[in-house]
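Peer 1: How does the following fold in three dimensions:
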Amino acid sequence: MCDLTNPIFTDETAARAFLEAQRWPDGVVCPFCGEVGAAKRLGGQAKPGWYHCNECRKKFTVRVGTLYERSHVPLHKWLLATHLLCASKKGISAHQLHRMLGVTYKTAWFMAHRIRAAMIDDAPAPMGGEGKVVQADETYIGKQKNPAPSPQRKGRPYKSEKSRLGHRKNTVFGLVSEGQVRTFHVRNANAATVRLILFTHADRASELHTDESRLYTTTGEQYAKHRTVNHSSKEYVGKHGQHTNTIENYFSVFKRGMKGVYQHCGEPHLHRY
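Peer 2: Here you go, the predicted model:
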């Protein structure tokens, strides 16, 4: 656990030295040409932290090529914001960052979203694999801005107010395997959408664990094994040990963060959280 009184969170020189040590443990590497050991620290009237590459003749700092690049926010505040977002189990709001960092709300919002964007894996490998388990489930949160009518209902009224409101909620589909979680904001949770996500992100050599939803009936046949739990009969762990408790626990933490920390999130931004 990192100590919040650490100088890297309060002193710019300490923050820069820390980031340089993390990024260049074996010597300064030019972010433009990739040359090792060709850069020299600039002195004289140059601002602290600037280097000059003798190979490509360009100047740079440790920020270049990172999420902290092209920002006037002090580096030590960036490091503190990154630590707070990573260490907060249910997340931290931009308003809280604005109060703790002493920056404007607009700046805190920008920092939070840039840090989140930097966490995205652009080319993730499939989850699971031979002998491993992938749990899949969906949850519903918030309210759709323009809910589309369900084609299955064909204009028929809902039997209860709860069913009608449930149809208007945003759908979040999730996968979990060995401590890794991936979630997706989808417009509608149907068999085609679920199949596409599963085939893209879950290795078919895996054992798939789901609830009794028909969304997974056909798709589950494409996996090594497909085991289900019958929640409608109050079954939460099957006879083979299958369950969806892990992904449901994740959804529980996710919802508490959305409702208790962020309090409100519009549909256009839900995928960012």
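
Peer 1: what's the pLDDT at E161?
Peer 2: On pLDDT, E161 comes in at 51.

Peer 1: and if you look at M1?
Peer 2: pLDDT, read off for M1, is 53.

Peer 1: from now on call the first residue 39
Peer 2: Shifting the count to begin at 39 puts that one at M39.

Peer 1: Tell me where the model's unsure across this structure.
Peer 2: 39, 184-205 (pLDDT under 70).

Peer 1: 50 instead?
Peer 2: Across the chain, the ranges flagged by pLDDT under 50 are 203.

Peer 1: hey, where'd the strands end up in it?
Peer 2: Ranges of strands in the chain, per DSSP state E, are 77-79, 89-91, 97-98, 171-179, 208-215, 218-224, 245-249, 263-267.

Peer 1: ok, for T238, nearest residue in space, not its chain neighbours?
Peer 2: In this structure, T238 finds its nearest non-sequential neighbour in P164, 7.7 Å apart by CB to CB, 6 or more residues apart in numbering. The C-beta positions use only the backbone N, C-alpha and C, and glycine is treated the same way.

Peer 1: cool, and T145?
Peer 2: V111 (6.4 Å).

Peer 1: now swap in V275 and tell me
Peer 2: H281 (4.7 Å).

Peer 1: ok, now which ones touch the one you found?
Peer 2: Q173, H247, V267, Y274, V275 (CB atoms under 8 Å, 6 or more residues apart in numbering).

Peer 1: before we move on, what about R265?
Peer 2: When contacts are taken as CB under 8 Å, 6+ apart, R265 is in contact with E245, L246, H247, G276, H278, Q280.

Peer 1: Put the buried members of these into a ChimeraX selection.
Peer 2: Per 16 or more other CB atoms under 10 Å, the buried members of those correspond to this ChimeraX selection:
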select :245,246,247,280
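
Peer 1: Reformat the contacts of R265 as JSON lines; add distance to L213.
Peer 2: Compiled in JSON lines, those are given as follows (distance: CB to CB, whole Å):
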{"residue": "E245", "distance to L213": "13"}
{"residue": "L246", "distance to L213": "10"}
{"residue": "H247", "distance to L213": "11"}
{"residue": "G276", "distance to L213": "19"}
{"residue": "H278", "distance to L213": "20"}
{"residue": "Q280", "distance to L213": "15"}
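
Peer 1: Closest one of the contacts of R265 to H121?
Peer 2: Nearest to H121 among those, counting by CB to CB, is H247 at 34.1 Å.

Peer 1: what bridges to the closest one?
Peer 2: Q173, R265 (DSSP bridges).

Peer 1: same thing with R79?
Peer 2: Beta-bridge partners, per DSSP bridges, of R79: Y89.

Peer 1: Just give the number of residues close to the nearest residue to P69 once chain neighbours are set aside.
Peer 2: Closest residue to P69 apart from its sequence neighbours, by CB to CB, 6+ apart: G103 at 4.0 Å. Residues near G103, counting by other CB atoms under 10 Å, number 14.

Peer 1: go on, T248?
Peer 2: Neighbour count for T248, taken as other CB under 10 Å: 24.

Peer 1: mind checking how far it is from G279?
Peer 2: 14 Å (CB to CB, to the nearest Å).

Peer 1: S131 now?
Peer 2: Distance from S131 to G279, counting by CB to CB: 39 Å.
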